[in-house]
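J.: predicted model and sequence follow; I will ask about them next.
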Amino acid sequence: MLKETLAILRKELLIEWKQKYAFNGLMLYVASMVVVVALALGAVLEPLSWNVMFWLMILFAALNAVGKSFLAEEPAQQLYLYALAHPSALMLGKMLYNLLLMSLISLLTMALFVLMGNVAIGAPWQLLGIAGLGSAALAANLTLVAAIASKAHNRGTLLAVLSFPIIIPVLLLLIELAEEAIAPTGKGMDMDALIFLGGITVVLAALSVMLFPFVWRD
């Protein structure tokens, strides 16, 4: 299982390395949005408002980046992969790849916000940790939803429809946790929200590994 998972992860990384246009196009989209917001509203938006804009950009970037993990594959390619690896290993490999991709996108987007928006982050290491946990939550959620949506005809639309009911509470928790990191008030991090977000991420990851073999059989 471990060897198959690492093999799937390596395959995804090699494909991304050979097809850099997908990642570059995604970062161009994020950079364009940051520049537009910085030039139009940079002097008006407060740091906490920048926090909301940051997570909204991460959300739409995640829908495009993580969604293609299954949606971009042809049925023949999926059948070939399923013949080589256990479905749980396939899901874990793609989930780990999406986690790495989302973590990189979050880090680069955060750097653009700091440079272009002149956002002063009170607790940068705390915000980095929240961004990592948010990347894991989004990867766990969207990977399974992308696998389910890949079986339908209107795959792109179905991905958004299925993912938003789960993503919205996750996004609200991330915004709440990041507020204390951007503009510390001395109250400290909300540990209940942090534990709840971590629990959601673990449950989503476990459900993805458990349920994907049934999706694969279809």
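T.: On my side now, so go ahead. Residues are numbered from 1 along each chain as shown.
J.: how far does the strand or helix carrying residue 211 sit from the chain's center?
T.: Assigned by DSSP states H and E, residue 211 belongs to helix 191-217. Averaged C-alpha coordinates place helix 191-217 at 14 Å from its chain's average position (CA atoms, centre = their mean, to the nearest Å).
J.: which strands and helices sit next to it?
T.: If contacts are counted by 3 or more CB pairs under 8 Å, 6 or more residues apart in numbering; DSSP states H and E, helix 191-217 sits against helix 87-117, helix 124-149, helix 155-182. Backbone N, C-alpha and C define where each C-beta goes, glycine included.
J.: deepest of those helices, which one?
T.: helix 124-149 (a mean of 22; mean count of other CB atoms under 10 Å).
J.: got the angle for that helix vs helix 191-217?
T.: 30 degrees (axes from the mean of the first three to the mean of the last three CA atoms, to 10 degrees).
J.: could the helices and strands packed on helix 191-217 go into a markdown table alongside distance to residue 27 and mean pLDDT?
T.: Below are these laid out as a markdown table (distance: least, CB to CB, whole Å; pLDDT from 0 to 100):
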| stretch | distance to residue 27 | mean pLDDT |
| --- | --- | --- |
| helix 87-117 | 6 | 85 |
| helix 124-149 | 15 | 84 |
| helix 155-182 | 20 | 80 |
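J.: next, the buried residues of the helix holding residue 211.
T.: Buried residues in helix 191-217, counting neighbours by 16 or more other CB atoms under 10 Å, are found at 194, 197, 200-201, 204-205, 208-209, 212, 215-216.
J.: between these, which is nearest residue 148?
T.: Nearest to residue 148 among the buried residues of helix 191-217 is residue 215, at 5.8 Å by CB to CB.
J.: isn't that closest one up against residue 149?
T.: No - judged on CB atoms under 8 Å, residue 215 makes no contact with residue 149 at a distance of 10.1 Å.
J.: where do the contact lists of those two overlap?
T.: Common neighbours of residue 215 and residue 149, counting by CB atoms under 8 Å, 6 or more residues apart in numbering, are absent.
J.: got the buried residues of helix 191-217 as JSON lines, with pLDDT columns?
T.: Converted to JSON lines, the buried residues of helix 191-217 look like this (pLDDT from 0 to 100):
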{"residue": "194", "pLDDT": "83"}
{"residue": "197", "pLDDT": "84"}
{"residue": "200", "pLDDT": "85"}
{"residue": "201", "pLDDT": "87"}
{"residue": "204", "pLDDT": "84"}
{"residue": "205", "pLDDT": "86"}
{"residue": "208", "pLDDT": "81"}
{"residue": "209", "pLDDT": "83"}
{"residue": "212", "pLDDT": "78"}
{"residue": "215", "pLDDT": "70"}
{"residue": "216", "pLDDT": "69"}
